[in-house]
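In: pasting a predicted model and its sequence here:
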There are 2 protein chains.
Amino acid sequence: MAKDTRERLVAAALRLFRTDGYHATTMRRIADEAGLSLGNAYYYFAGKDELVHELYVSVQRDHRDRALADLIDGAPLVDNLRVVLHTGLDVMAPYHGFGTTFVQQALPGSSSASPFSAESTDARAMAIALMDHAVATSKTRVPSALRDRLPTLLWLLYLGVTLHWVVDPTPAQERTRTLVDRLAPVVGRAVALSRLPVARGLVDDVVDLVSPAEVQR
Amino acid sequence: MAKDTRERLVAAALRLFRTDGYHATTMRRIADEAGLSLGNAYYYFAGKDELVHELYVSVQRDHRDRALADLIDGAPLVDNLRVVLHTGLDVMAPYHGFGTTFVQQALPGSSSASPFSAESTDARAMAIALMDHAVATSKTRVPSALRDRLPTLLWLLYLGVTLHWVVDPTPAQERTRTLVDRLAPVVGRAVALSRLPVARGLVDDVVDLVSPAEVQR
């Protein structure tokens, strides 16, 4: 019941953000649109930023469910990476018209909707865990030095793909689909090369690029 | 004279964007602040978006001048890459408070301030030419298959660093400085490795990632 109400508010907010724009939409209009009192709406969400955050979390959840169903045990990493990136684009597709507004809202350091915010800790952990699962389920061997950082690096790559998707003007964002098809083999080959002794220095430098503790602002 | 007036308008706009916010600032207020008539202001800039674009172009110009002075002929690519990324951060430093607003405005496909817009063609070409110069002036040898794509890839890397800088909450954006110091060796080592026969497939895939013609929206 509470879940229904939350979803109704998010759906109402999305409709209004699309038609009237984010700035012009008030919590009162969102409550009206969802058929709730303003007080009731505020009981669930402290403001528009929290509604945007809820949308982010729910897209993450859908992404995980869809990807887990499609990942293939024992497939090459390149194939499973393609699955995990394309399913991400699949679940975001209905929200493309809202993509620019979402990034604009999530950008400031103070926004709870940012993927790097303290409020997004769970959503971020879920997204990184999905990347971890894509690696673990693949047959491609990853050098141990890289293994625990790779999911975070793949998640950052996914954020980059998402940004490309947001500004992608092509029909059905087909250019981003092409990018994913080109990026997956690059990562697959790079991981394969990373096992060679000659790549050890590079692997060490890549590992130092991002520590999991530094991902949160 | 026209150049002075343009700069005065950009400076006035920046002051108002900072104090009153981008949305609340009108062209009339900008004209007043610059001591010009509204008609005169519109003679130079069709609107706020063009003023933001002008700021983008002027930062690119400063970046090129600063970097060209600091690049070292015959140095390893890692050193010159560090120069070109750090000087980029140097020239942007005074505008950090405006960074979030800038990205928010430049994000929509219709914005002339976007680095991918048709209006940014010259600024983009200048920025990619700077990366090309950083590569050309370095002693590090680049495989011919990669040579003409590397400047574009480095420019995209620089855009990524810029985005990191925009959302960087640390004093003087020191975390982004650290990122640059870690990224430069990664690129230097990757370019060195790219010359090995074993990396040929990876190089081909990376080259296919982005064609210069695809950089513009």
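Out: Noted; the coordinates are in hand.

In: would you mark the buried spots in stretch A:41-61?
Out: For stretch A:41-61, a neighbour-count test (16 or more other CB atoms under 10 Å in any protein chain shown) marks A:41, A:44-45, A:48-57, A:59-60 as buried. For glycine as for every other residue, the C-beta is placed from the backbone atoms N, C-alpha and C.

In: between these, which is closest to residue A:181?
Out: Residue A:181 lies nearest to residue A:59 out of the buried residues of stretch A:41-61, by CB to CB, at 21.7 Å.

In: so the closest one is in contact with residue A:94, correct?
Out: No - with contact defined as CB atoms under 8 Å, residue A:59 does not reach residue A:94; the gap is 9.5 Å.

In: just the buried positions in whichever strand or helix holds residue A:151, please.
Out: Assigned by DSSP states H and E, residue A:151 belongs to helix A:150-166. Neighbour counts using 16+ other CB under 10 Å place A:150-158, A:161-163, A:165-166 of helix A:150-166 among the buried residues.

In: is chain B contacted by it?
Out: Yes - Helix A:150-166 is in contact with chain B by CB under 8 Å from any CB of the partner chain, via A:160, A:163, A:166.

In: pLDDT of that helix, averaged?
Out: Average pLDDT, helix A:150-166: 95.

In: just say helix, strand or coil for the closest residue to residue A:193 other than its chain neighbours.
Out: Using CB to CB, 6 or more residues apart in numbering or on different chains and skipping the chain neighbours, the partner closest in space to residue A:193 is residue A:199 (5.5 Å). Reduced to three states with DSSP: H, G, I helix; E, B strand; the rest coil, the structure at residue A:199 is helix.

In: and residue A:199, how many neighbours?
Out: Per other CB atoms under 10 Å in any protein chain shown, the neighbour tally for residue A:199 reads 22.

In: among the buried residues of stretch A:41-61, which are in helices?
Out: If you go by DSSP state H, the buried residues of stretch A:41-61 have A:41, A:44, A:48-57, A:59-60 in helices.

In: and those as a markdown table, adding distance to residue B:71?
Out: As requested, those are exported to a markdown table (distance: CB to CB, whole Å):
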| residue | distance to residue B:71 |
| --- | --- |
| A:41 | 56 |
| A:44 | 55 |
| A:48 | 46 |
| A:49 | 43 |
| A:50 | 47 |
| A:51 | 48 |
| A:52 | 42 |
| A:53 | 43 |
| A:54 | 48 |
| A:55 | 45 |
| A:56 | 41 |
| A:57 | 45 |
| A:59 | 43 |
| A:60 | 43 |
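
In: how far off centre is stretch A:37-56?
Out: How far stretch A:37-56 lies from its chain's middle: 20 Å, per CA atoms, centre = their mean, to the nearest Å.

In: same question for it, mean pLDDT?
Out: 92.

In: is it in proximity to chain B?
Out: No - applying CB under 8 Å from any CB, one finds stretch A:37-56 separated from chain B by no less than 13.8 Å.
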